[in-house]
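Peer 1: Dropping a prediction and its sequence here:
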Amino acid sequence: MNVGKILEAKGSEIIALEDTCTVLEVAKLLGERRIGAIPIMRGAQLCGIISERDVVRGLAIRGGGVLADGVSTLMTKSVVTCGMEDSVQQLMVMMTERRIRHVPVVENGQLKGMISIGDVVKERMQETEQEAEALKAYISSA
């Protein structure tokens with residue numbers, strides 16, 4: 001299974017904000033949409049990503065005033081991305097090694113969607129269940 005198939009199954013709706021938004025706008029959108037991270041765009045170009053953790057860390061360090069700041073003060077600017085053909089296994093390794101939970105999917109310089117650790121775990125569980133069923137069927141037929 002690859003990233004493209006996960007996006008196909010879950011849908012590729014892209015929830016993103018422009019790099020001109022504030023941390024408060026990010027916090028509101030994260031809460032309203034019940035998501036953990038938002039890609040930040042400059043026009044059609046991905047220029048960052050911000051997560052719930054980033055917002056909480058900013059609040060802890062700088063207090064409530066951080067909500068009025070621009071998103072660029074808290075976002076990660078060097079974004080780790082994946083492609084549509086990357087495998088679930090590659091994604092699991094990357095997310096584990098880099099300790100990240102959300103990865104933008106980029107193809108030919110365009111943002112195509114977001115993959116979360118939850119998406120990866122769900123896919124891996126389905127694969128494991130299918131493998132178990134195949135083994136049971138094989139054993140039953142022998």
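Peer 2: Structure's in. What do you need?
Peer 1: which intervals of this structure have sub-threshold pLDDT?
Peer 2: 142 (pLDDT under 70).
Peer 1: Can you show me the strands along it?
Peer 2: 17-18, 37-42, 45-51, 102-107, 110-116 (DSSP state E).
Peer 1: and those as a markdown table, adding distance to residue 28?
Peer 2: In short, each C-beta sits where N, CA and C put it, glycine included. Formatted as a markdown table, these follow (distance: least, C-beta to C-beta, whole Å):
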| stretch | distance to residue 28 |
| --- | --- |
| strand 17-18 | 10 |
| strand 37-42 | 11 |
| strand 45-51 | 13 |
| strand 102-107 | 18 |
| strand 110-116 | 18 |
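Peer 1: Make TSV out of these and add mean neighbour count.
Peer 2: Formatted as TSV, those follow (neighbours: other C-beta atoms under 10 Å):
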stretch	mean neighbour count
strand 17-18	15
strand 37-42	22
strand 45-51	19
strand 102-107	21
strand 110-116	20
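Peer 1: Out of those, the one nearest residue 72 is which?
Peer 2: The closest of these to residue 72 is strand 45-51. By C-beta to C-beta, the value is 6.9 Å.
Peer 1: what about that closest one, distance to the chain center?
Peer 2: Mean-position distance between strand 45-51 and its chain equals 11 Å (C-alpha atoms, centre = their mean, to the nearest Å).
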